[in-house]
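>>> A predicted structure for the sequence below; I have some questions about it.
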Amino acid sequence: MDLGGGRRGVDMGPSAIRIGGLHEKLGDLGIDVEDSGNIEVRIAEEFHYGEKHEMYVEEISQVCTRLAHRVHQSLEDGRFPVVLGGDHSVAAGSVAGVASFFKKRGQKIGLIWIDAHTDFNVPETSPSGNVHGMPLAAILGLGPQQLASIEGFSPKIEVGNAVVVGARSIDDGEKKNIQKTGLRVITMKELDIRGLPAVMEEAIALASDGTTGFVCTFDLDVVDPRFAPGVGTPVFGGITYRESHLAMEMIYDSGQMVALELVEVNPVLDEENSTGLLAVELICSALGKKIL
């Protein structure tokens, strides 16, 4: 899906990741892989964008609802869901599906959001109206309402169990929402000062506190564009190639991850599928691949 962003092409991200050999490389790790295919999404040319402050939100909410059902069913079947994006608005569906599964069992989950952006706008604060800047706000119950209400309950995750890692581009409206809610946001400045290991230890602890585990959603634009050029909203000064792998390795070592999502790979803007290949490598690290 690329309906949530301002630049086209990210809808081809899942194909780029598959072409990068994800199925085969996970198989090499001894993982039994089942590719359930793409969620049906209409392209932008088929319909009007709707309201400028929340463009395509109706179609996005329908797609995310279908995705939530698919994720929920995979957990019912005893599988571990790995969601490939697409723009980051898909997270509203991914997290809803996981949260719904555990809610029915009287359990709650946490969330580690690794991203150059906090995606914490609501329609009233968004400078662009692009919904890929709103999914975390929806997950935590702020809005937009169509996304926040998926699976019939809100919020999906308590704000104290959610943490953003690697943010370096935050809108003024998002800053106000962060201050109002108390969302833990670990910026690149703090990451630089403390180092990635300490930051990830805190993130894992927050997302695991009183939960049955956490979802990790990883936006490739958190990585410096030198290593991940194929993203729609590149921001220089991101984490390095090795830091991105270390984050995934630490998440795997925690044993607390219950679902994984990789988003915002844009082959149109990529160089020889280098970002798609990095996404494959990061998924493998998150699911147990080690140097030794």
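Yes, it's here. A quick note: this is a predicted structure, and the numbers were derived from the prediction, not measured. Residues are numbered from 1 along each chain as shown.

>>> Remind me which helix or strand the residue minimising distance to the centre of the chain belongs to.
By Cα atoms, centre = their mean, the chain has its centre lying nearest to Thr217, at 3.1 Å. Element membership of Thr217 [criterion: DSSP states H and E] is strand 214-219.

>>> May I have the strands that pair with that strand, each with its orientation?
Looking at strand 214-219 with DSSP bridges, its partner strands are strand 110-114 (parallel), strand 257-263 (parallel).

>>> Please export the C-alpha coordinates of the longest one as PDB.
Listed next in PDB are the C-alpha coordinates belonging to strand 257-263 (Å, rounded to 0.1, in the frame of the first residue of the first chain):
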ATOM      1  CA  MET A 257       8.800 -10.300  20.400                       C
ATOM      2  CA  VAL A 258       5.400 -11.600  19.300                       C
ATOM      3  CA  ALA A 259       5.200 -10.000  15.800                       C
ATOM      4  CA  LEU A 260       7.500  -8.200  13.400                       C
ATOM      5  CA  GLU A 261       6.800  -5.600  10.700                       C
ATOM      6  CA  LEU A 262       9.200  -4.000   8.200                       C
ATOM      7  CA  VAL A 263       7.900  -1.000   6.200                       C
END
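
>>> Now stretch 206-216: buried residues?
By neighbour count with 16 or more other Cβ atoms under 10 Å, stretch 206-216 contains the buried residues 206-208, 211, 213-216. (Each C-beta comes from the backbone N, C-alpha and C, glycine too.)

>>> Any idea how far apart the tips of it sit?
This stretch, stretch 206-216, spans 13 Å end to end (Cα to Cα, to the nearest Å).

>>> can you offset everything so residue one is 56?
Sure, I'll start numbering at 56, so the last one becomes stretch 261-271.

>>> avg pLDDT for it?
In this model, stretch 261-271 carries a mean pLDDT of 98.

>>> Next secondary structure after the strand holding Thr272?
Using DSSP H and E, the helix or strand that directly follows strand 269-274 along the chain is helix 296-309.

>>> related to what we said a few turns ago, ok, of the buried residues of stretch 261-271, which one's closest to His78?
Cys271 (20.1 Å; Cβ to Cβ).

>>> what about the closest residue to Ser309 other than its chain neighbours, distance to Asp83?
Distances taken as Cβ to Cβ, 6 or more residues apart in numbering place Ile259 nearest to Ser309, at 4.7 Å, with adjacent residues excluded. Ile259 sits at a distance of 26 Å from Asp83 (criterion: Cβ to Cβ, to the nearest Å).
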